[in-house]
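Participant: Structural data only, the sequence is not supplied:
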């Protein structure tokens, strides 16, 4: 008697959700988010597009699953240290490098708020923040600020690299040279700051600048904790 539930064909049973997700990651890396279609994925896996729906409901679910796989691997590769600030730097830089290698991850994270990949990031950043002594009342705004900085800067860096490759423009050094030259010619009365940093901008390092920003946030956390402790001590006197 028919049960009403279809049985996958032999070709379909060779598939798995993990295989589909890994193929989606490769396709996203090669073609970007617009290039991820069930037809293209089916061709890569040598199967029919309909077979994929046994494992993923739609493109949005697949994009989130691919993002989660990259995020999980990235975070799992980061060993925790006894120093929470060092752990946070390692996590932040690893996420920066992962998004640089997989530019679509930044977009996928914005499209899946509150889902698995973002939960993983919040948890791994939140634990060392607690170890730094961030009070319960300050934990959400602190992890929000740090996460927004990490993902925002990493996403913008990846987008800049994609734009440069897409337009096949000059190399990075030549591009920075041209911008620095243009900035140095700005009106000194209207743009004193930008003119002042033009030469340093010419030679800046994206990863070093990113870590400098992380250190500014961590320095603020330590300063806030010290100020809070001082206030408590004064009240007890």
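Facilitator: Here it is on my side, so go on. Keep in mind it's a predicted model, so treat the numbers as computed, not measured. Residues are numbered from 1 along each chain as shown.

Participant: Output the lowest mean pLDDT helix or strand found in this structure.
Facilitator: helix 10-13 (a mean of 46; mean pLDDT, DSSP states H and E).

Participant: Following the chain onward from that helix, which element is next?
Facilitator: Downstream of helix 10-13, the next assigned helix or strand under DSSP states H and E is helix 17-31.

Participant: what's that next one in contact with?
Facilitator: Helix 17-31 has contacts (C-beta atoms under 8 Å, 6 or more residues apart in numbering) with 35-36, 40-41, 44-45, 52, 55-56, 62-63, 65-66, 69-70, 101-102, 104. To be clear about C-beta, it is placed using only N, CA and C from the backbone, and glycine gets the same treatment.

Participant: Just the buried residues of that helix, please?
Facilitator: Buried residues in helix 17-31, counted by 16 or more other C-beta atoms under 10 Å: 20-21, 23-25, 27-28.

Participant: Residue 224 touches residue 138, doesn't it?
Facilitator: Yes: between residue 224 and residue 138 a contact is recorded at 7.3 Å, counting by C-beta atoms under 8 Å.

Participant: ok, and for stretch 206-214, which residues are buried?
Facilitator: 206, 210, 214.

Participant: got the contact list for the second one?
Facilitator: Shown here is residue 210, whose contacts under the criterion C-beta under 8 Å, 6+ apart are 92-93, 96, 153-154, 157.

Participant: host element of it?
Facilitator: Here residue 210 is assigned to helix 206-236, by DSSP H and E.

Participant: Quote the end-to-end distance of stretch 44-54.
Facilitator: 17 Å (C-alpha to C-alpha, to the nearest Å).

Participant: Which positions in that stretch come out as buried?
Facilitator: Under 16+ other C-beta under 10 Å, the buried positions of stretch 44-54 are 45, 47, 51-52.

Participant: the helices in this structure, which residues?
Facilitator: 10-13, 17-31, 38-45, 49-52, 59-76, 84-101, 104-110, 116-131, 136-167, 172-184, 192-202, 206-236 (DSSP state H).

Participant: how distant is the last one from the center of its chain?
Facilitator: Using C-alpha atoms, centre = their mean, to the nearest Å, we find the averaged C-alpha position of helix 206-236 to lie 23 Å away from the chain's own average C-alpha position.
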